[in-house]
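>>> A structural model of the following input is requested.
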Amino acid sequence: MDGDVLYSSVNFHQKKQRKGKLQNKKETEDPSEDVTYADIKIANTFRIQNTDVDSKEDSGESPKEVKESNPGSTAGTSGLSKKTSAAPVPCPNVNTKACWLILLLLIILLVAALVGFVISSRSCSVCPQSSLLFDSKCYFFFTDKMNWSKSQDNCTSIRGHLAIIESKKEQEFLISNLGNKTDEEKSYWIGLSDQVTEGHFLWVDNRPQDSKGRFWGLREYDHGQEPDNWTDPVHNPAGEDCVHLNKSEHYSGWYDNNCEIQMKRICEAACN
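The predicted structure is shown next:
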């Protein structure tokens, strides 16, 4: 019935364009042959499918059986849905949450490695001609003599500070560069003192001395361990609160001394 209405609509449309010819043609030709548009053919096909279903129902076969009678279309559709739903899994044998945590950890490690590479690539490799390079820091061995406080001020004027020794390698590097073989006096102020509280040594950046990084020397005359805070009512009433690095014939290391003693100094500065 729906198909007849569609044909009638088309006939009316063609009638409007070629009224005379269509009237004569309609009298001689079969109405079913007047189908010329794709939508009418689709409607006609749909009617045939409905008719086919009706015939199946008349024969006692259910619509479900009709669907099953066309295995090609359903099989293709189900196969397509399986393919589209199967997304690739980055960790097929690991729980989904654990998988994403692993991926996140890998990303963090990668970023950390990149940051480390950038920092290391930006570290300097050249110091001023009058200084020595060690571990991205420049060390100045000044041979003119000052007391401990003025020595620190002088280091500050060159954008540095008295040397802060943080490792055995740094200690050995400085000891190996304390003057030449003919220089008998190999004592240089470093940035350590206990002027605030006796026995509590602080670096010039106010950090306490690391218990694992202590390189106190032995005395030549009695082989005793430094520091000793030696005091004398006449010659040294203030005691010994400032530290210098010393290299002697038998021993080397840190030694406390009177802060007013005139001594050489080691300044440390970041290289540019």
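
>>> The stretch 51-200 of the chain: helices as residue ranges?
Using DSSP state H, counting those that start in this stretch, the helices of the stretch 51-200 of the chain run over residues 63-68, 71-85, 96-122, 148-157, 168-176.

>>> The fourth one packs against which elements?
Counting by 3 or more CB pairs under 8 Å, 6 or more residues apart in numbering; DSSP states H and E, the packing neighbours recorded for helix 148-157 are strand 137-146, strand 161-162, strand 187-197, strand 263-270. All C-beta atoms are positioned from the backbone trio N, CA, C, and that covers glycine.

>>> strands paired with the shortest one, and their directions?
Spelled out, it's strand 161-162. Counting by DSSP bridges, the strands paired with strand 161-162 are strand 263-270 (antiparallel).

>>> which residues sit against the partner strand?
124, 131, 136-148, 151, 154-155, 158-164, 174, 185, 187-191, 244-245, 257 (CB atoms under 8 Å, 6 or more residues apart in numbering).

>>> try stretch 187-197
Residues outside stretch 187-197 that contact it (CB under 8 Å, 6+ apart) are 141, 146, 148, 151-152, 155, 161-165, 178, 200-205, 209, 227, 241-247, 254-256, 259, 263-266, 268.

>>> Please indicate which of those residues are buried?
With burial judged by 16 or more other CB atoms under 10 Å, the buried subset of those is 141, 146, 148, 151-152, 155, 161-165, 178, 201-204, 209, 227, 241-247, 254-256, 259, 263-266, 268.

>>> Spell out which residues make up each domain of this structure.
2-85, 88-122, 132-270 (automatic domain parsing).

>>> ok, of those domains, where does mean pLDDT dip lowest?
The minimum mean pLDDT among these belongs to domain 2-85 (a mean of 44).

>>> What degree of burial does C138 show, as a neighbour count?
Look at C138: counted by other CB atoms under 10 Å, it has 21 neighbours.

>>> Next one: the nearest residue in space to it that is not next to it in sequence from V204, what distance?
In space, C138 comes closest to C127 once its chain neighbours are excluded; the distance is 3.7 Å by CB to CB, 6 or more residues apart in numbering. Per CB to CB, to the nearest Å, C127 is found 20 Å from V204.

>>> Contact partners for the residue lying closest to G224 once chain neighbours are set aside?
Spatial nearest neighbour of G224, chain neighbours left out: L218 (6.8 Å); criterion: CB to CB, 6+ apart. L218 sits next to G224, Q225, E226, H250, Y251, G253 when contact means CB under 8 Å, 6+ apart.

>>> do E198 as well
N229, G239, D241.

>>> gap between the last one and F141?
Pointing back at D241 there. For D241, the distance to F141 - CB to CB - is 23 Å.

>>> so how many other residues sit close to C99?
C99, neighbours per other CB under 10 Å, totals 15.

>>> just N236 next, same as before
Residues lying near N236 (other CB under 10 Å) number 15.
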